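Trainee: sequence first, predicted model second:
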Amino acid sequence: MGEIKEEDWHLPEIKYEYLDHTADMQIHSWGNTVEEAFEQCANGMFGCMTDTDYIEMAETQEIEAEGHDMLSLLFHFLDEFLFLFSAEPYFVAKKVEILEFDKEQFRIKARGFGEQFIIGKHPQRHEVKAITYSNMQVNQTEDGLTHIHVIVDI
Amino acid sequence: MVVRQYNEEMSYLEKTSAFSWKIKKGFQPNMNVEGVFYVNQHLEKLMLDELRNACRPGMIGGFLPGVKQIANVAALPGIVGRSVGLPDVHSGYGFAIGNMAAFDMSDPTSVVSPGGVGFDINCGVRLLRTNLTEKDVLPVKEQLAQSMFDHIPVGVGSKGIIPMNARDLEEALEMGMDWSLREGYVWAEDKEHCEEYGRMLNADPSKVSMRAKKRGLPQLGTLGAGNHYAEIQVVDEIYDKWAASKMGIESKGQICVMIHSGSRGFGHQVATDALVEMEKAMKRDKIETNDRQLACARINSVEGQNYLKSMAAAANFAWVNRSSMTFLSRQAFAKQFNMTPDDLDMHVIYDVSHNIAKVEEHMVDGKLKTLLVHRKGSTRAFPPHHPLIPVDYQLTGQPVLIGGTMGTCSYVLTGTETGMKETFGSTCHGAGRALSRAKSRRNLDYTQVLQKLESQGISIRVASPKLVMEEAPESYKNVTDVVDTCDAVGISKKAIKLRPIAVIKG
C-alpha cells in the first residue's frame, strides 16, 4: 500500500466503452500508449461492477502480473484486479495506474486507487465471473492508438 | 472459422423433422460426429438469424454463432453419438450454452473441457414445495418477499451469513450436502431429492487453488447476480397429475419456492485455473481444436483428472450454497407464518445441475459404454426406472426443473426413454438469451420493466434495479417455446407449470 500523493487525485478521461455481446460484456478500451489502454481496460472492468463515481480514493492496492505474450499478460493483469475485488480486501478501484510495464518479459506492476466495496455505498452492478480469451485483442491503429477488446463473463 | 456464404452454409444443415435439424460433417473442419439441434418455428428463426448475421460480409469476428459452436464440439477427440443443441441454445464460451456432448471414457484420446461445463460450475435449480396456497400468501406477499430479500444475500459483492472458516470450507468442498446436513442446515430427505445426493465423491479440495478458496469462502450462501434468483411461485397448471402428486403437488394455487444459483466465485476460479492449465496441456499432447476457447485435456491426463476433482469440489460448493439458501428460505417462511418449515411441508422436490460433466453409462450403437457427459446449459433428464434417480421418482422419471426468466413461467418436466436414446438423457435448462445485454439496455427502460412486473402482480426485490432490463423476459427466448419443443421431441415431458409472484435477485 502506498501513499496517495497530490497528483494522484487527477482522474483520467474515460476511454472505454461496452460493446454488444449476447450473454456477456465486451469491454473496448483505448489509449495513446499500450499502458494507457491497459489502465483504461481495468477501469472499464471496475465500471462493470459498480458506478465508479461512488468510489473514494481512500487507499491503494498493488498487483503484479506476468504472461507469456501480450494477451496472456492482459488476462492476468485483469484477473489480479478481479481477485482483489472478489476476496479480501474486496477492493474496487476508481482508477488504475501502471507502474512498470516490461514488454519483453511481459510483466506488469500496477496500482489501483480506491477502497473496500461496501453494499449501500457502492451501487451493485454486474458480477464479473471471469476474464476470457474470447476474441481478446490488443491492436495498434494507424493513428497510433492502442485498442483493447476483452469479453468478461458475467 | 470457415467463411462461406449463408446459402452455402445452409447446405450443411438439414431439417430432419418438424423440430430437429441435422448439422452435417464438413460444416466445420474435422467433425468426428454429426450435430443436431432441436427448435420449433420461432426458435429456428432465432438460430438461423444468428448464423446469417455471422455470414455477413465485413463481419469482424464478433462471436461464433451457436450452430457453429455445436459443430466445433463435434470435432473434439473422443466424442460419441452427436453434439446436441437443446432448444434454448445460444452462443457461449467455446461450447454453446444449451449444448451437450458425451466422450467415450475407454478411448485414451477422449477429452474433458471446462468450456463444456461453463464458468458457473453446477449452476442449477432447486424447487421447494409448501402446503400453502396463493390465498395464504397474497395478503403477506410484500412482507414475505422483503423477508426473503433480507435473509438471502444477493448481488455483486455480497457476503454469506452462514458462519464459515477455512476449515469448514475444506470440509464442505469434500462433503457437499453431507456437510450441510451435519451442520444442521438441511434435512436428511433433502439429499435424496438431489442429483448425486448432493455430493460428488471424487471431489478433492487439495487440487483446488488457494485463490479459488479465497474467492469462495466469503460467498458461500449467496445468490449471486445476473440471471440467478429466488422466486416464490404458484402452481399454474398441472399437465401430469400423477407425476405431480409424486412430487407433493396436489392442486393449482399451491405455493413453491425456486432457487437458481451456482458455485459463485469458487467455481468461476476453478474454471479459470483449469483453462490456463489446459492451454499448456493441449500444446504438450498436440490436441487440435477448431476454437482456442475449446481448451481441453485428455480425461486421463493429470490436468484432466485435476479438473474433474476440482470441478467436483465446485459442484459440492454449489450444493452447499443452494442448501444454505434453502435454510434461509425456510427461515423466512417460518417467521412469516409462525410455523415450523416442517409444518409448512417445505420439502425439496428436486435439485438439478445444468452446468456439469458426469460419468454415466449409456447405450452407444447397441453397446453399453461409460461416457463423460458434458452438460452446459442442459439438464439431466433420466427416464423412469433409471437406477440413479431416487425411489420416489422411479416410476415418474427424474423431475427436471426449468427456470424461466424474471416474470415468466417456470416448468417441471420429467425424463423419458426417448431422451435417453436421443440426447443421452439430457434436455433444456431455461429460456436462453435472445438479445444482448447492451441491446436490452437500449431498447428497454428499467422503470417500465419494473412497472410491468408490478402490473402482473409480481413483487420484486432486486439489488441492481437499473439493470433489470437485461434480465427482462424480452431479452430471452420464450421459455414456453423451449419447453414445448422438448415435449414435442419427447426428450422430456411436461408435468407442472409455475408462475412467479415474487422475485428476489441480484
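Mentor: Okay, I see it. Here the structure is a predicted model, which means the values were calculated and not measured. Numbering: from 1, shown residues only, chains lettered A, B, ... in the order given.
Trainee: okay, CA-based contacts and neighbour counts for the rest of this
Mentor: OK.
Trainee: write out the residues of chain B neighbouring chain A.
Mentor: B:61-63, B:91-93, B:119-120, B:155-158, B:211, B:214-215, B:218, B:224-226, B:264-265, B:268-269, B:272, B:293, B:433-439, B:463-464, B:467 (Cα under 8 Å from any Cα of the partner chain).
Trainee: those in helices, which ones?
Mentor: B:211, B:214-215, B:264-265, B:268-269, B:272, B:437-439 (DSSP state H).
Trainee: got these as JSON lines, with neighbour count and pLDDT columns?
Mentor: Shown next, in JSON lines, are these (neighbours: other Cα atoms under 10 Å in any protein chain shown; pLDDT from 0 to 100):
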{"residue": "B:211", "neighbour count": "16", "pLDDT": "96"}
{"residue": "B:214", "neighbour count": "19", "pLDDT": "97"}
{"residue": "B:215", "neighbour count": "23", "pLDDT": "96"}
{"residue": "B:264", "neighbour count": "31", "pLDDT": "96"}
{"residue": "B:265", "neighbour count": "31", "pLDDT": "96"}
{"residue": "B:268", "neighbour count": "24", "pLDDT": "96"}
{"residue": "B:269", "neighbour count": "29", "pLDDT": "97"}
{"residue": "B:272", "neighbour count": "20", "pLDDT": "94"}
{"residue": "B:437", "neighbour count": "23", "pLDDT": "82"}
{"residue": "B:438", "neighbour count": "19", "pLDDT": "80"}
{"residue": "B:439", "neighbour count": "16", "pLDDT": "83"}
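Trainee: would you list those residues in CSV and tack on distance to residue A:44?
Mentor: Formatted as CSV, those follow (distance: Cα to Cα, whole Å):
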residue, distance to residue A:44
B:211, 23
B:214, 24
B:215, 21
B:264, 22
B:265, 20
B:268, 20
B:269, 20
B:272, 20
B:437, 16
B:438, 15
B:439, 19
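Trainee: OK, now which residue of chain A is nearest to chain B?
Mentor: Nearest residue of chain A to chain B (Cα to the nearest Cα) works out as residue A:22 at 3.7 Å.
Trainee: list the contacts of residue B:130.
Mentor: B:254-257, B:344-347 (Cα atoms under 8 Å, 6 or more residues apart in numbering or on different chains).
Trainee: residue A:102: how many residues sit nearby?
Mentor: 10 (other Cα atoms under 10 Å in any protein chain shown).
Trainee: and residue A:147, by the same measure?
Mentor: 23.
Trainee: same question for residue A:71.
Mentor: 17.
Trainee: closest residue of chain B to chain A?
Mentor: residue B:436 (3.7 Å).
Trainee: list the residues that contact that residue.
Mentor: A:20-24, B:470, B:475.
Trainee: closest to residue B:375 out of the ones in helices among the residues of chain B next to chain A?
Mentor: Of all those, residue B:375 sits closest to residue B:268, with 16.4 Å by Cα to Cα.
Trainee: now which of the contacts of residue B:130 would you call buried?
Mentor: With burial judged by 16 or more other Cα atoms under 10 Å in any protein chain shown, the buried subset of the contacts of residue B:130 is B:254-257, B:344, B:346-347.
Trainee: quick one: is the longest strand belonging to chain A near chain B?
Mentor: In chain A, assigned by DSSP state E, the strand with the most residues is strand A:91-102. No. Judged by Cα under 8 Å from any Cα, strand A:91-102 and chain B are separated, with a smallest distance of 9.9 Å.
Trainee: hey, C-alpha coordinates of that strand in CSV?
Mentor: The C-alpha atoms that make up strand A:91-102 are tabulated as CSV, following Å, rounded to 0.1, in the frame of the first residue of the first chain:
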residue,chain,number,x,y,z
PHE,A,91,-11.1,-3.7,-3.4
VAL,A,92,-12.7,-1.5,-6.1
ALA,A,93,-10.6,1.0,-7.9
LYS,A,94,-11.6,4.4,-9.2
LYS,A,95,-8.5,4.4,-11.3
VAL,A,96,-5.7,2.1,-12.2
GLU,A,97,-2.2,3.2,-12.9
ILE,A,98,0.6,1.1,-14.4
LEU,A,99,3.9,1.5,-12.5
GLU,A,100,6.1,-0.8,-14.6
PHE,A,101,5.4,-2.4,-17.9
ASP,A,102,8.0,-4.8,-19.3
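Trainee: same for whatever helix or strand comes next after that strand, what does it pack against?
Mentor: Next helix or strand after strand A:91-102 toward the C-terminus (DSSP states H and E): strand A:107-116. Where contact means 3 or more Cα pairs under 8 Å, 6 or more residues apart in numbering or on different chains; DSSP states H and E, strand A:107-116 is packed against strand A:59-66, helix A:70-86, strand A:91-102.
Trainee: where in chain A is pLDDT low?
Mentor: A:1-2 (pLDDT under 70).
Trainee: what's the domain layout of chain B?
Mentor: B:6-104, B:123-505 (the TED database).
Trainee: rank these by pLDDT, which is bottom?
Mentor: Note on these: lowest mean pLDDT is at domain B:6-104, with a mean of 92.
Trainee: so which residues on chain A come close to chain B?
Mentor: So chain A meets chain B at A:18-25, A:49, A:83, A:86-88, A:90, A:117-119, A:123-127, A:129-131, A:133-135, A:153-154 (Cα under 8 Å from any Cα).
Trainee: which of the helices or strands spans the residue nearest in space to the middle of chain A?
Mentor: Here the mean C-alpha position of chain A is nearest to the C-alpha of residue A:42 (Cα atoms, centre = their mean), at a distance of 0.8 Å. Using DSSP H and E, residue A:42 sits in helix A:34-49.
Trainee: which other helices and strands does that helix contact?
Mentor: Helix A:34-49 packs on strand A:16-19, strand A:25-31, helix A:70-86, strand A:91-102, strand A:146-153, going by 3+ Cα pairs under 8 Å, 6+ apart.
Trainee: the same query, at a cut-off of 7 Å, please.
Mentor: strand A:16-19, strand A:25-31, strand A:91-102, strand A:146-153 (3 or more Cα pairs under 7 Å, 6 or more residues apart in numbering or on different chains; DSSP states H and E).
Trainee: just put these in JSON lines and tack on distance to residue B:134.
Mentor: Listed next are the helices and strands packed on helix A:34-49 as JSON lines, based on distance: least, Cα to Cα, whole Å:
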{"stretch": "strand A:16-19", "distance to residue B:134": "42"}
{"stretch": "strand A:25-31", "distance to residue B:134": "38"}
{"stretch": "strand A:91-102", "distance to residue B:134": "43"}
{"stretch": "strand A:146-153", "distance to residue B:134": "37"}
